[in-house]
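In: pasting a predicted model and its sequence here:
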Amino acid sequence: MNTTVKFGLVIAVVVGTLGWVAASGVNEDTASYYKTISEIEKMDANAKMKRLRVGGDIEKGSIKRDGKQVSFVLVEEKRKMNVRYDGNEPLPDTFRDGAQALVDGRIEADGTFHAAKISAKCASKYEAKPGGNYKKENSINERAS
């Protein structure tokens, strides 16, 4: 086999492997997107049995703790979903009333979402207060003048 054929064969194997990894790495079970509560409500029973990621806001006053178990309600507009978490990992620091949450798990027979993993963020944490004035002290421009 000459060098050109060997090189072409190596390139074909590399491109084929990369294509296979890309195609098999993005499927319904491993994709990083999430479903909304309204999308979950429209799914058939078989689709609901798979591992799902659901996003929504944590309803104010809905967080209940019982030992390691935490239950709360996710809200999307007027739709609600009960969520239960029995995980061994601690909840994120941003897990609180009104925070946006992403839960990863399965829907149980009674319709409760059993979360294996919870991610949360508090959008208001990084927003400026209404009417507030933000002034950098000792900024580079102030020191230069």
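Out: All right, it came through fine. Residues are numbered from 1 along each chain as shown.
In: which strand residues bridge residue 83?
Out: residue 72, residue 113 (DSSP bridges).
In: going forward, begin numbering at 8 instead of 1
Out: Sounds good: first residue 8 from here, last item residue 90.
In: for residue 18, see how far away it is.
Out: Going from residue 90 to residue 18 by Cβ to Cβ, to the nearest Å gives 49 Å. Every C-beta, even on glycine, is put in place using the N, C-alpha and C of the backbone.
In: tell me which of the two has more neighbours.
Out: For the pair residue 90 and residue 18, the greater number of neighbours falls to residue 90 (24 against 10), based on other Cβ atoms under 10 Å.
In: what pLDDT does the more buried one get?
Out: With respect to pLDDT, residue 90 has a value of 96.
In: what's the nearest residue to residue 67 if we skip its chain neighbours?
Out: residue 104 (4.3 Å; Cβ to Cβ, 6 or more residues apart in numbering).
In: secondary structure element holding the spatially closest residue to residue 111 that is not a sequence neighbour?
Out: In space, and not counting its chain neighbours, residue 111 is closest to residue 124: 4.2 Å by Cβ to Cβ, 6+ apart. Assigned by DSSP states H and E, residue 124 belongs to strand 120-128.
In: by mean pLDDT, flag the weakest helix or strand of the chain.
Out: Ranked by mean pLDDT, DSSP states H and E, the weakest helix or strand in the chain is helix 147-151, scoring a mean of 45.
In: contacts for the strand holding residue 124 next, please.
Out: Residues outside strand 120-128 that contact it (Cβ atoms under 8 Å, 6 or more residues apart in numbering) are 59, 61, 65, 81, 88-94, 96, 98-99, 101-103, 106-115.
In: got a ChimeraX select line for the buried ones in the residues you listed?
Out: To isolate in ChimeraX the members of the contacts of strand 120-128 that are buried, counting by 16 or more other Cβ atoms under 10 Å, one can use:
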select :59,61,65,81,88,90,91,92,98,102,106,108,109,110,112,114
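In: among the contacts of strand 120-128, which ones are in helices?
Out: The helices, defined by DSSP state H, take in nothing from the contacts of strand 120-128.
In: where do the strands sit along this structure?
Out: Taking DSSP state E as the criterion, the chain carries its strands at 59-65, 71-73, 76-83, 86-92, 107-114, 120-128.
In: now residue 85: how far from residue 67?
Out: 15 Å.
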